[in-house]
Structures are given as structure tokens and as C-alpha cells.
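Student: Sequence first, then the predicted structure, then my questions.
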2 protein chains.
Amino acid sequence: MGSALVILIGLSTVIASLPAQTPTTTAPLSLERYRSVADSILHAGLFSGKAAAMLADLTGSAGARLSGSPGAERAVEWARATMRANDLDNVHLQSVMVPHWVRGSQVEAAITNTMTGDPIGMHACALGGSIGTPVAGTDGDVIEVKSLEEAAKLGAAAQGKIIFFNRPMDPTLTNTFEAYGRAVDQRVNGVVAAGRVGAVGVIVRSMSTSIDTLPHTGMLHYDDSVTKVPAVAISTLDADRLSAMLVSRPSVHVRLRLDCRTLPDVESANVIGEIEGSEKSNEVILLGAHLDSWDLATGAHDDGAGCAQALEALRLLKTLKLRPKRTIRVVLFMNEENGLRGATAYASQVNDTKEKHIAAIESDRGGFAPRGFEVEGEDADVARLARWARLFETMGAERFSKGESGADVGPLKKHGALTIGLIPESQRYFDYHHAASDTFNNVNPRELELGATAMALLAYLISEEGL
Amino acid sequence: MGSALVILIGLSTVIASLPAQTPTTTAPLSLERYRSVADSILHAGLFSGKAAAMLADLTGSAGARLSGSPGAERAVEWARATMRANDLDNVHLQSVMVPHWVRGSQVEAAITNTMTGDPIGMHACALGGSIGTPVAGTDGDVIEVKSLEEAAKLGAAAQGKIIFFNRPMDPTLTNTFEAYGRAVDQRVNGVVAAGRVGAVGVIVRSMSTSIDTLPHTGMLHYDDSVTKVPAVAISTLDADRLSAMLVSRPSVHVRLRLDCRTLPDVESANVIGEIEGSEKSNEVILLGAHLDSWDLATGAHDDGAGCAQALEALRLLKTLKLRPKRTIRVVLFMNEENGLRGATAYASQVNDTKEKHIAAIESDRGGFAPRGFEVEGEDADVARLARWARLFETMGAERFSKGESGADVGPLKKHGALTIGLIPESQRYFDYHHAASDTFNNVNPRELELGATAMALLAYLISEEGL
């Protein structure tokens, strides 16, 4: 792009992407009414937004934030202090007991060199929740499978073996979250499938859209009735290499050495603050994200970005003196990654209060440019929100669709809340997800801020208009 | 994002973002007809696409590609060889004479330390086309202005001074190309404004959305009737620092030293290949991008990405055996950055042929996730293309709007072609544009490929349905 191009574009020019079923009766009125609100939120965010600054502060001062870790506790204190600094109402902690898994200092997934007997290391990491191995390690010949079903069919052939789950995320799905959802059963349930057939360990291909040397961690689930086996993720490059070896060699022997372990639960907290509604303060619109992260990086996209956006959304409304009719609350949940204890605890006390949660909007898909929102409801719920789509176009967030909200706000659905997920562009998310590369330098400040402005606007519209 | 979330989303879920004025009469038919085509193009692109591989090859083998440079000539040969390898029809070069500016080995923009007299360097680069300075350099006190008008008003006060143009790109515009368009006059025309009032040199704040240490180059235009002065861009961080100094000090003295110069024009070429139409081969749908780049990096986004996407669009159609009714041609233009000689030469010979160019689609806004297309035409032209919007939704490219196409296809408008620009997400483009950071590692392969699939589909739809 040289200097010849000068763009003059206005809202009128993007009319071609307006929602089809905008009810032309009601929409123009409410659009007219809220246009200046949308413009002022966008302007304030892009001109003097603080989302990136808050994310830099969280990732820099708290660091990695796995539940039970010192980093998670620093994050709780940081969040409380930041909410107070932003002058939110009713800032408080909700105590919650969380699992405490520690990675330890040792990880080895080494292929035995058949000539020399020396180990050939792979880029690996223990999966979250994995048991450790004996000091000498756990070793066996590798059997590659593409699914849990294939592992179950191995039967006795799996005795003493290490099962290698190597079904990639489907690259042909534009929605990378769908590809993740269809592949992650290997990481979550592979250990049980392997234990059932007498295997001694599990290797999983990293859940990643990138072919590189980074291992991606994430939670696994054991079944107490099945022998527990240790599990690691290896990088996608190592997975391809291992798979090729299994074709060219009669057998490939691998040794796993891990000293990770699970310690007793520890006390942690959800961090909560709000802007009290001026008219219906007992009706709540919740903005949610999770404060904990995995331990290989500082969780900038997952989910520091969501925390910064939820905090920024409320900061923007306060800065612009947009006092909502209903209460707009930010809840930074603890332990989304490996237990969902924070979300469960929050939902469990909703009935004890006189409050009514009418909507809950979660940001947990990375700090990328927003495309819109997914609504976990009926077509009518989508259409109701889509009436406002035009107001979100300059933010790039005009897509309203039926879909998934998020793990932390999910439990609020049965309490009557319409649960909604902020949907950013998804192509890059799984390059970084749960890997050492999920750091601040991979977040674009403008893309992050645009998501925060979209959350602020949607929360405000719901608070003023109801659902 | 933990493992709890499993997404099941289909086209039906994004219905809320369908174009408003889709003519429900004709659209469903053609949509129905082309759904499988759209699906097969997307599938082939994401499963075994070559856009990223071609971009890696171009940037790696040709390197930086400023017109007249050895890199530009390597790029011409690379493009011809790649078109032949992709089995395109009528692969050939169109000879064109291009300017030949060389940066030289020296760039200095140094602030004189008032205590010691030592120079304090700034991160700077010569602007494209700038004259050099005497070996001893050109020096003067700095005057900061925010516009060409402000510079003109300086009058005699500018005699012997160095004028510092420091109006930032407007961060509040979501469309960063609009912000660029409103700021770039300082870089392009600052030297003439400065020369007119007797200034001896120009410093321009880099055209960038990022606050960092990278200077961004780009073309300037002299007026032969006005004394030519040398010009540099400094990084946004240095611009802020220099501006602060000008507030705190009575005067700031700067010396510029440049040995850049313009050599005689040299011969280069546009590179052209196509898939000949099966029924109306004399009607052409052109896919355009520019082969040249600036010299500070390998021009991965600007415009290696566009070249790879245009080549990939044709490769996908051939791979899928989608023989178009009309001819679909790729033209990789030479010299978009500092002369537009390739585009001018191509347009100038259109009338000599029996061909009719019905549409020209350019990709020159970076290899980011596509959002849609801007159409340089009437509302009716936008609406005609927007009938197909639903087919582009899984590619994320369903926005059809009135706007700008691109510098290289622009001249084809007066020859009757509907000119169209591929519009990717724009937040990151100007972090890299014309700077040392515009490299392959800053391009996401999936985002790049999605743009190529959208170009392939639009070209095919126009070739089958006409306009």
C-alpha cells in the first residue's frame, strides 16, 4: 500500500452487512437513541483506553496464575486493587477452595535412539493434573492412535505401552474453537482410555493450529476407578516426527519422566466489583472472565485479555458517566482452567440473594479483533440483540449468532441469565493457547480495546433496554 | 479457555449478520447453486493451501523488492516461474521502466546535546525519493508543526530551519486506512511545504499505529519549481521524545546526514498469467497485487501477501478444476510504492486489445483475516455483489461496502472495470507498514489463506454470473 490510497468510509458504506431480520419498526428508534453512546464509548476506548495497560500490569506483576500458585494470589490482590482504583462499587472477594497441581521441575519425553540407546528429547510438557512418574521414569513402546475409540480397541495389545494420541485439530474449520472442541477429548480423556487397556503412559499431540516446537498444556480428567497413568503433550512438529518414525521403524521406545503432583486444595477467590444500577440495582448484567491461567506463560490471551476487557468496559462507562439503570458487575473467576470452582461457587449463591441475573457476557477467546457475540439461547434471543447490530459495526462486532457463551457464565444459564460470549477473530488463538507463547507481546492493544468497547456497549444497552 | 467449551456452530448460526438488502428473489437460487463451490474452495485452502508457502518463498528468495533493485528483479523471475509451475495460461512479462532510488549506507538524524555538543541519535530512515545531504550533513533548529498549512504559515521564521511534522494518525478511527489517509500528506508533501518557506530539511513522525522505535519509510513528492530538501521519518517514540524536548528547551538543534540518491530509470516488468475463460475468454476478471516493496524489510504484508493471495486464488480454482467462463487473470504489478508505473502501463494498453475488463480485485491491505470487500462503485454495484454475501460468511468475508479498491487497479476504472478491494482486519497493518517489521513471521498462514479463498470465490462468481 503506497500513498495514493485515501480512504473515506462511513457507517453508510457498511450497510451491506446489516442484520437481515432487523425489525425495521423498533430498531431505527433505539439505534438513533444509542448512536452517540456507541460513538463515545468507541472514541474513549481508542483514544485513551486502558485495556492494554491493565493487561501489561496483570501479566507483568502477577505473572503465570495457575490456581493455587503464588501468581494466582498476586492476581487476586491485583484485581481487587485495580477495581478499587477504578472506583467500582462493592468491591469484594468471594472465597473459593481450588485444586493445587504443581508441574515440578522435571519433564522428559525422550525417544530411545535404537543405535546408541541415548534419549532423543521431544518438546514436551506435563498435562495439567497429571500424576508424576517414578524417578527412573515410565517407559514403553509407542502405539499411535487417532481417537479414544481406537485406543479402546487396542485391548491387550496396549499392555505396558505408551499410547500416542495424534489426531490434529481439523484445519478446514474456520472456527478454530470448533476444531478444538472436536480434538480436545484426546487430551482430556486419553488417560482413562489408556488406563483401561493397561497402557502405562500417554502422549498427546498439542492442541494447536500451528506447526512448531511449542508444547501446549491443558487439563486432563482421571477416573478413580481406572489406573492413573502420566500424560504429556508434545509439540506438533514432534508429533509429526514421532508419527513418521512409527512408520519407518519396527518399534519406537519412549521414556517419560515427570515430577508433577497434586497438593491439597488451597483457598483462593473470585474478585467482584460493579457499577450499581440507578433504577433496578437488583437486576444484574455480569461481565465475566477468568483470572487464573496455565503456568507455561502469563496467560495474556487466556484469559488476561478477558479480565482487562471486563475491567475496561466498566472503566469506560464510569469515565463517560454512563450510569446504568441496572447493575453492571464484573466477576473475575478463579480456576476456570482446572476445576471451574470459581464459576460453580458464584452460581451456587445466586439463589441466596434477591438479585436477578438477566445477562452474563464472557470474554475468554483471546484479545483479538472482535467479530461479534454468540448467544446461548433461542433464535428470538439472538434477534433481540441483533436489533442493535448496526451500533457495533464501527467496532467490527456486528455479528450476533446462536452459539456458545463461556465456561464461567455457563452455570448462570439455569438461574435465568441469557449467557453471551464475545467472539473475536479466532485464527491465531490456538497458536498461543496454553503454550509458552501466550504473552503480552502477542496481543495487539487496539484489537484488545475494541473488544472492551463492544462489551461495554452491549452491557449498557441491556441495562437500559432490558431483555 | 479451558476444556469445557465445545463449539458446534454452522452457517445457520450467523444468519444475524446477513446483508439487509439481499434480493430474496434471485439470491437463494444463486446461493444454492454456489454453496458447494464456496465450501470446496474454503476446504482446499485451509487443508492444503499454498499461500503461506508462496509468501515464504517470495520473501525468502527475493527479499526486499524496491523498484530497480536486484530484489525486484529476483521477484519478477520468481513470479514468472511460480505462475508457470502453477500451470497458468499465457504467462508473460510486460516491460515497464521504473524509478531507481537507492537508500545508500548512511542515515543520521541526530539531536545536538546542548551540554556536550555530541549527537543524540534518533531511530530514523530516509523517506523514499529523498535527496541526500552534503557529506557534512544538513543542520538546523527544529520547528514542530501539525500540518502543511501550519508549515506554510511559518513564512520567514522557517528560514534555515528543519521542520518536524508531528500530527499522529488518528487513533480513534477503527479503519486505520482512513487514519493513514488523513495523516500521510505530511510525509508525501511535507518537503514541498518546507522548501517553499526556506527550511533546509524535514523530519516526519512515522505513519504508525504503534508507539515503538521503528521508523516507517514511504514515498515523498518533490515539486521541481521548489527547492528540494532532504527528509527522514523518525519512530513514534522518538517523535514524542523530540516533541517533549521542544517544550522544555529554548531550542533543539538537529543534523541530518543521508547519502540516498536517485539513479536513472531501469527496465522492470509486470508479471501476468491467467486461466483462460471457457466461453468468454475476452472478458477479464483481474486479480491484482504489487510485486515491489519498500527496502527496510521483505514486504510480507505490503504486498507479498497480496501477491501470494492472487496466485493462490488461481491455484485453488485450477486444483478444483473450476474452469471459469470468463478469463481470470493475475497481474503482479511493479512499482506501486514509488511511481505506479506498472499499473499505468497495464491500463494504457487495455484499449489496444479486444479484451473487456469487467472487474478488478486488488489485495493490498495486508495478509490479515478478511472482513469483506470494498467496491469502488454505486450502491447498486455493492448490492449486486452483496447478494452473494452469505457464501463468504464461513471465510469471515461477508462485508460488502462502498469504498476504495486499490492503487494498482484504480486506473482500470475508466476502462469500465468494477474495481474492488479485499478488506482484511486493519488494526495491525500500520504497525508493520513500510517498516523493518514487515516480515513473514508477522503473517498468520490461516488468515492469509482465508483472504485467498475469498478472492477465488468472488472472481469465480463474477466469471460465471457476470456483473
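Tutor: Yes, it's here. Numbers count the residues shown, from 1 in each chain, chains lettered A, B, ... in the order given.

Student: What about residue A:160, how many residues nearby?
Tutor: 13 (other Cβ atoms under 10 Å in any protein chain shown). The C-beta positions use only the backbone N, C-alpha and C, and glycine is treated the same way.

Student: I figured it hits residue A:197, correct?
Tutor: No: using Cβ atoms under 8 Å, residue A:160 is not in contact with residue A:197; the gap is 10.5 Å.

Student: center of chain A, which residue is that?
Tutor: Of all residues in chain A, the one closest to the mean position by Cα atoms, centre = their mean is residue A:364, 3.9 Å from it.

Student: Verify the contact between that residue and residue A:337 for me.
Tutor: No: using Cβ under 8 Å, residue A:364 is not in contact with residue A:337; the gap is 10.3 Å.

Student: on that earlier part again, does the residue nearest to the centre of chain A sit in a helix, a strand or a coil?
Tutor: coil (DSSP: H, G, I helix; E, B strand; the rest coil).

Student: Quickly note the distance from it to chain B.
Tutor: Remark: distance between residue A:364 and chain B (Cβ to the nearest Cβ, to the nearest Å) = 5 Å.

Student: Run through the residues that contact that residue.
Tutor: Residue A:364 makes contact with A:288-290, A:302-303, A:306, A:336, A:406-408, A:421, B:1, B:5 under the criterion Cβ atoms under 8 Å, 6 or more residues apart in numbering or on different chains.

Student: Check residue A:194 too.
Tutor: Taking Cβ under 8 Å, 6+ apart as the test, what residue A:194 contacts is A:151, A:158, A:163, A:201, A:202, A:229, A:231.

Student: just residue A:63 next, same as before
Tutor: A:71, A:74, A:298.

Student: Pick out the one among those with the largest number of neighbours.
Tutor: That'd be residue A:298 among these, by other Cβ under 10 Å, with 24 neighbours.

Student: ok, so what distance separates the closest residue to residue A:192 other than its chain neighbours from chain B?
Tutor: Nearest residue to residue A:192 in three dimensions, chain neighbours excluded: residue A:223, at 4.7 Å (Cβ to Cβ, 6 or more residues apart in numbering or on different chains). Between residue A:223 and chain B the distance is 15 Å, computed by Cβ to the nearest Cβ.

Student: repeat for residue A:320
Tutor: In terms of Cβ to the nearest Cβ, residue A:320 sits 14 Å off from chain B.

Student: which residues touch that residue?
Tutor: Neighbours of residue A:320 in contact, by Cβ under 8 Å, 6+ apart: A:40, A:41, A:44.

Student: Now the phi/psi pair for the first one, please.
Tutor: Just to be clear, that refers to residue A:40. When read as degrees, to the nearest 10, the backbone of residue A:40 gives phi -70, psi -40.

Student: Can you lay out the contacts of residue A:364 as CSV showing secondary structure?
Tutor: Output for those, formatted as CSV (three-state DSSP):
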residue, secondary structure
A:288, strand
A:289, strand
A:290, strand
A:302, helix
A:303, helix
A:306, helix
A:336, coil
A:406, coil
A:407, coil
A:408, coil
A:421, strand
B:1, coil
B:5, coil
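
Student: Please name whichever of these scores lowest on pLDDT.
Tutor: Looking at the contacts of residue A:364 by pLDDT, the weakest one is residue B:5, with 42.

Student: Can you tell me what sits against the least confident helix or strand in chain A by mean pLDDT?
Tutor: The helix or strand of chain A with the lowest confidence, counting by mean pLDDT, DSSP states H and E, is helix A:27-48 at a mean of 87. Residues outside helix A:27-48 that contact it (Cβ under 8 Å, 6+ apart) are A:51, A:312, A:316-317, A:319-320, A:322, A:387-388, A:390-392, A:394-395, A:446, A:449-450, A:452-453, A:456-457, A:460-461, A:464-465, B:171-174.

Student: residue ranges for the strands of the stretch 1-150 of chain A, please.
Tutor: In the stretch 1-150 of chain A, the strands defined using DSSP state E, counting those that start in this stretch lie at A:89-102, A:107-112, A:119-121, A:124-126, A:138-145.

Student: Could you list the low-pLDDT ranges of the stretch 251-400 of chain A?
Tutor: By pLDDT under 70, the stretch 251-400 of chain A has no low-scoring segment.

Student: Return the residues of it in contact with chain B.
Tutor: A:302-303, A:336-338, A:340, A:364-366, A:369, A:371-372, A:374, A:382-383, A:386, A:389, A:394-396, A:398-400 (Cβ under 8 Å from any Cβ of the partner chain).

Student: From those, which land in helices?
Tutor: A:382, A:383, A:386 (DSSP state H).

Student: Tell me how many other residues surround the residue of the stretch 51-200 of chain A found nearest chain B.
Tutor: Nearest residue of the stretch 51-200 of chain A to chain B (Cβ to the nearest Cβ) works out as residue A:181 at 3.6 Å. Residue A:181 has 20 neighbours, counted by other Cβ under 10 Å.

Student: State whether it is indeed within a strand.
Tutor: No: read with three-state DSSP, residue A:181 is helix and lies in no strand.

Student: returning to that earlier point: so which of the contacts of residue A:364 is the closest to residue B:265?
Tutor: residue A:302 (52.9 Å; Cβ to Cβ).

Student: is it true that that closest one touches residue A:434?
Tutor: Yes: counting by Cβ under 8 Å, residue A:302 touches residue A:434, with 6.9 Å between them.

Student: picking that back up, and the residue of the stretch 51-200 of chain A closest to chain B, how far from residue A:206?
Tutor: 16 Å (Cβ to Cβ, to the nearest Å).

Student: now residue A:58
Tutor: Residue A:58 is 25 Å from residue A:206, by Cβ to Cβ.

Student: and residue A:117, how many neighbours?
Tutor: 8.

Student: likewise residue A:104?
Tutor: Residue A:104 has 12 nearby residues by other Cβ under 10 Å.

Student: what's the nearest residue to it once chain neighbours are set aside in contact with, if anything?
Tutor: The shortest distance from residue A:104 to any non-neighbouring residue, by Cβ to Cβ, 6+ apart, is to residue A:259 (3.6 Å). If a contact means Cβ under 8 Å, 6+ apart, then residue A:259 has A:104, A:105, A:106, A:132, A:133, A:135 as its contacts.

Student: immediately after whatever helix or strand residue A:189 lives in, which helix or strand?
Tutor: Residue A:189 belongs to helix A:185-196 when elements are defined using DSSP states H and E. Next along the chain after helix A:185-196, taking DSSP H and E as the criterion, comes strand A:201-205.

Student: Can you tell me the strand partners of that next one and which way each runs?
Tutor: Taking DSSP bridges as the criterion, strand A:201-205 sits next to strand A:162-165 (parallel), strand A:231-234 (parallel) in its sheet.

Student: Output those strands as TSV; include the columns mean neighbour count.
Tutor: Formatted as TSV, the strands paired with strand A:201-205 follow (neighbours: other Cβ atoms under 10 Å in any protein chain shown):
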stretch	mean neighbour count
strand A:162-165	28
strand A:231-234	28
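
Student: May I see those arranged in TSV, with mean pLDDT as well?
Tutor: Shown next, in TSV, are those (pLDDT from 0 to 100):
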stretch	mean pLDDT
strand A:162-165	98
strand A:231-234	98
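
Student: so can I have JSON lines of the ones you listed showing distance to residue A:252?
Tutor: Rendered in JSON lines, the data for those read as follows (distance: least, Cβ to Cβ, whole Å):
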{"stretch": "strand A:162-165", "distance to residue A:252": "9"}
{"stretch": "strand A:231-234", "distance to residue A:252": "13"}
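
Student: Now do stretch A:170-190, average pLDDT.
Tutor: On average, stretch A:170-190 scores 98.

Student: Tell me where the model's unsure across the stretch 51-200 of chain A.
Tutor: For the stretch 51-200 of chain A, no range has pLDDT under 70.

Student: Might you enumerate the residues of it proximal to chain B?
Tutor: A:171-178, A:180-182, A:184, A:187-188.

Student: Now, of the residues you listed, which are buried?
Tutor: In terms of neighbour count (16 or more other Cβ atoms under 10 Å in any protein chain shown), the buried residues within these are A:171, A:173, A:174, A:175, A:176, A:177, A:178, A:180, A:181, A:184, A:187, A:188.
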